[in-house]
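A.B. asks: this one's sequence-less:
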Ligand SMILES: Cc1cc2nc3c(=O)[nH]c(=O)nc-3n(C[C@H](O)[C@H](O)[C@H](O)COP(=O)(O)OP(=O)(O)OC[C@H]3O[C@@H](n4cnc5c(N)ncnc54)[C@H](O)[C@@H]3O)c2cc1C
Ligand SMILES: Cc1ncc(C[n+]2csc(CCOP(=O)(O)OP(=O)(O)O)c2C)c(N)n1
Ligand code: SF4
Ligand code: SF4
Ligand code: SF4
Ligand SMILES: [Mg+2]
């Protein structure tokens, strides 16, 4: 193999598994270290800079970082990255001094943001400090998008939402609430320099089955029903409730029903438990609240008698694994099952829907009604119009909305300056800073803590089921937060190797607890992966290969896969050929 | 020295041996030697060899004298028996222990000072007595622990760190061992585990006195340009004569060597010792030839490594003295007190 180019920012960025997996590339180990130092405000600001909604995300994030966390591979359970974000938010001090200054003198450019969900809000956050005049147009009476209308208050308290939304609006965003936009042309006619569409994926998918029309009064589209609960239009649901669907919306629907007085709640899913779209923890919470999840039962029909819904028929299938690993559902031959119910909540997905965008503005739409965009710039066929959040590529989540927003804000800024939105994008950068403080002293806590993941305390179940507004999770207190923070492996403190200093004494090989390091003849990657102290079978993780060494011509190969970043290799190296260096990945934002 | 404890967490794919143990289960305390000391690599090689041979740690006794090298038994096989004796006196303790219990694996760890200076007399006699053990000298040509004086294995003309030359002839411990009666003699290098680990495995399975002279650089006092026991110098001047590989009973033989260079020796436990001659007509079973080659190579400034001498039908001290079969502690009252009639018989034999 060729020597690894560690100057390429992506190389060490990938080693920080959580940061690499985070759509907004939040510097996770950095804020976790700040939490262990009880520097909550700084920890909050590290988050705020990259993901914009730390308090909200610390409760609701889809956490793609956690399955990626190295700790899954070295022990078992990931660091509670998401809940540590909440620790920073819950315990932070006054952040006003840390916020960017908003210029009084505007730069003369006017931007329209359609919709006031997280995507638009994050664009506003990025553009306001640059002197733009930012206008937000929102159909609802308040900002927040689905964070307000969909995510139930028992997962996301209103005050947490308002605090972070207002932080942005208070920068001087011009808000037009109760302003449903019905024509993009009309917006363009108002002379905006650029338009950002952050209207989400607002249409809940329906289920066209026999009996659907007659059952109408007893059937609710999950997202519409959750919105009416959030806005106080629906305060209870009576009788037996069946929720259809296996995603997070279904989990929110069933848990909300449970709190609004339903006599019984069941979730019925067409597919197997393992392939349900809902996050692991959402399923766990629903089950813990006593809600049965019934799998492998595709819905067949609604049964209505005397103008009242009686129940639904479901087919019985079972999953059979195909040669390609995929599941195929085959009928079991059992008779269809009848499940009695008084209400059905349909939570089987959302679609994009932008009837208000005229089709002659240069924007192309694909067959799912999603706009055709440049993935990197988020610019549409009309160079003035940019998309982000759920409106861009279909329903995702809040952290993706933030990530899109940063990209779109860069594009809008370049566009307004008359620069090329692609070629002129600021590059990613990398700084490496040695963490050596003395003989055996590192500026990070290198010791490995084998503790298992700490559990987040929950509110008393009966208490929280009684009121839809009572937050279920209580969050880590400072003490538990500090303990959980110790589990982080500091994956951004990199093992950096300098060939010309190495005397091949094997000290690092002998001390490494994880058998990461091997000195060997060089070979092709596939062979090399099998020639190491332990086989490097995780192809998603890179090998760090040195140049040929002076004495023997062999190479040093480090498998990054399960390195604990414990620094022992560097401590045992007599010549300083290994050093522990913090990699700081500079990801471009508008202001940087 | 390192203050941070080595985490117990290990690579999820680390191989397990017949006892279900990983290599990590054979470790000891974290080393307090200088970072980069060759002795740590020798410890790592012993760990690997014992793991690969599936030796139960509690069946091993580690014995040592005084010196950095003699400290190392603390850093491997943490669950074995150990005796850290007086400077140069490890052979007496090893002899006593082995006489009392012939069923353990004995690993003696010594230094060039411990063996070739203060302990030379003891060394000569344990070789003569052929105690069934693996005797390893971590040979760095210096007294590491007392900060870098020349040892008796230091080559004439090589210099101290400050530049003073050594005026005396070196002792070649491997040569001595062959001459006095060791039945397995090898030399290797701490920086070459590919050679060292198989040699250690073969030595551990050898049922006689196995001696390993392991050149093991002292990074603190003898790894400079004037040294002949530095990482650089050793790498540039070694020449492997023959190597050995221990092939477990049921393992198929994977490596193909050129015909005529390989010879298989059956071991008492059913495994095979595969001798691989790397150097023309060098025959490790020719005792006189081996000594001849060693001297000639040394004269040419080369370090001959690998398996230097092997007696494949070895005898050990218990055989020589015709002692009882088991450990002394296993003898019952009947064996220990054979009765007055037996005493009568013995006395009668002297009349
Ligand atoms: C039930 C449910 C639970 C969820 N839970 C989570 C969770 O726990 N964690 C997570 O990360 N994500 C969750 N999501 C997804 C997340 O809410 C969305 O991905 C995210 O809000 C998308 O942000 P956005 O800014 O693109 O759009 P949205 O949040 O949908 O905001 C769009 C805004 O645009 C407004 N709008 C739309 N059309 C117009 C128009 N024509 N004129 C003016 N205004 C308009 C809407 O009123 C809305 O306020 C959940 C989604 C649902 C449905
Ligand atoms: C009877 C006695 N004499 C002298 C010493 C001092 N002493 C301690 S270690 C040592 C030399 C050790 O050299 P070596 O065996 O080569 O070990 P190394 O430290 O080089 O591994 C000496 C002379 C001692 N401890 N005891
Ligand atoms: S251990 Fe810490 S730095 Fe490493 S992936 Fe997990 S959270 Fe990120
Ligand atoms: S930091 Fe060094 S010693 Fe520690 S696990 Fe990683 S490679 Fe091994
Ligand atoms: S002084 Fe020399 S022999 Fe002793 S520990 Fe240090 S490097 Fe090793
Ligand atoms: Mg010595």
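C.D. replies: Looks like it arrived, so ask away. Computed from a predicted structure; not experimentally measured. Residues are numbered from 1 along each chain as shown, chains lettered A, B, ... in the order given. Ligands and ions are numbered 1, 2, ... in the order given.
A.B. asks: CA only for contacts and neighbour counts going forward, please
C.D. replies: Fine.
A.B. asks: State the distance from residue B:240 to residue A:338.
C.D. replies: Remark: distance between residue B:240 and residue A:338 (C-alpha to C-alpha, to the nearest Å) = 80 Å.
A.B. asks: typo on my end, it should be residue B:71
C.D. replies: Using C-alpha to C-alpha, residue B:71 is found at 76 Å from residue A:338.
A.B. asks: Between those two, which is the more surrounded one?
C.D. replies: In terms of neighbours (other C-alpha atoms under 10 Å in any protein chain shown), residue B:71 is the more surrounded of residue B:71 and residue A:338; the figures are 21 against 17.
A.B. asks: Stretch A:286-300: which residues count as buried?
C.D. replies: The neighbour-count check on stretch A:286-300 (16 or more other C-alpha atoms under 10 Å in any protein chain shown) flags A:286, A:289, A:291, A:293, A:294, A:295, A:296, A:297, A:298, A:299, A:300 as buried.
A.B. asks: Can you name the residue of the stretch 151-300 of chain A nearest ligand 6?
C.D. replies: Relative to ligand 6, the nearest point of the stretch 151-300 of chain A is residue A:280 (58.7 Å; C-alpha to the ion).
A.B. asks: ok, that residue - how many residues close by?
C.D. replies: Counted with other C-alpha under 10 Å, residue A:280 comes out at 11.
A.B. asks: can you check residue A:320 too?
C.D. replies: 12.
A.B. asks: By residue count, what's the longest strand in chain A?
C.D. replies: strand A:578-586 (DSSP state E).
A.B. asks: now that strand: mean pLDDT?
C.D. replies: Across strand A:578-586, pLDDT averages out at 95.
A.B. asks: repeat for stretch A:356-365
C.D. replies: 94.
A.B. asks: Check stretch B:66-84 too.
C.D. replies: Stretch B:66-84 shows a mean pLDDT of 98.
A.B. asks: quick one: that stretch to chain centroid distance?
C.D. replies: From the chain centre to the centre of stretch B:66-84 is a distance of 13 Å (C-alpha atoms, centre = their mean, to the nearest Å).
A.B. asks: what's the answer for stretch B:30-48, then?
C.D. replies: Relative to its chain's centre, stretch B:30-48 lies at 15 Å (C-alpha atoms, centre = their mean).
A.B. asks: Which residues does it contact?
C.D. replies: Stretch B:30-48 has contacts (C-alpha atoms under 8 Å, 6 or more residues apart in numbering or on different chains) with A:505-507, A:510, A:571-574, B:1-2, B:5-6, B:23, B:26-27, B:68-69, B:72-77, B:138, B:190-191, B:193, B:196-197, B:200, B:214, B:216-220.
A.B. asks: Go back to the residues you listed and keep what's next to ligand 5.
C.D. replies: Near ligand 5, judged by C-alpha under 6 Å from any ligand atom, the entries from the contacts of stretch B:30-48 are B:68, B:218, B:219, B:220.
A.B. asks: The last one and chain A, how far apart?
C.D. replies: Read that as residue B:220. With distances taken as C-alpha to the nearest C-alpha, to the nearest Å, residue B:220 is found 9 Å from chain A.
A.B. asks: which SS state does that residue fall under?
C.D. replies: Assigned with DSSP: H, G, I helix; E, B strand; the rest coil, residue B:220 falls in the coil class.
A.B. asks: Check it and give its pLDDT.
C.D. replies: 96.
A.B. asks: tell me which of the ones next to ligand 5 among the contacts of stretch B:30-48 is nearest to ligand 4?
C.D. replies: Ligand 4 lies nearest to residue B:219 out of these, by C-alpha to the nearest ligand atom, at 19.8 Å.
A.B. asks: if I pick that closest one, what's in contact with it?
C.D. replies: With contact set as C-alpha under 8 Å, 6+ apart, residue B:219 has these partners: A:574, B:34, B:35, B:36, B:37, B:38, B:230.
A.B. asks: Residue A:141 contacts residue A:149, correct?
C.D. replies: No: checked against C-alpha atoms under 8 Å, the pair residue A:141 and residue A:149 is beyond contact range at 11.0 Å.
A.B. asks: Show me which of these two is the more surrounded one.
C.D. replies: Ranked by neighbour count (other C-alpha under 10 Å), residue A:141 and residue A:149 place residue A:149 first, with 22 against 10.
A.B. asks: Now do the phi/psi pair for that one.
C.D. replies: Here is the backbone geometry of residue A:149 (degrees, to the nearest 10): phi -90, psi -20.
A.B. asks: those strands in the stretch 151-300 of chain A, which residues are they?
C.D. replies: Using DSSP state E, counting those that start in this stretch, the strands of the stretch 151-300 of chain A run over A:174-177, A:194-197, A:203-204, A:219-221, A:240-244, A:264-268, A:293-294, A:299-305.
A.B. asks: Now distance to residue A:362 and mean pLDDT too, for these, in TSV please.
C.D. replies: Listed next are the strands of the stretch 151-300 of chain A as TSV, based on distance: least, C-alpha to C-alpha, whole Å; pLDDT from 0 to 100:
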stretch	distance to residue A:362	mean pLDDT
strand A:174-177	26	98
strand A:194-197	14	98
strand A:203-204	24	90
strand A:219-221	33	96
strand A:240-244	38	97
strand A:264-268	43	97
strand A:293-294	46	96
strand A:299-305	41	95
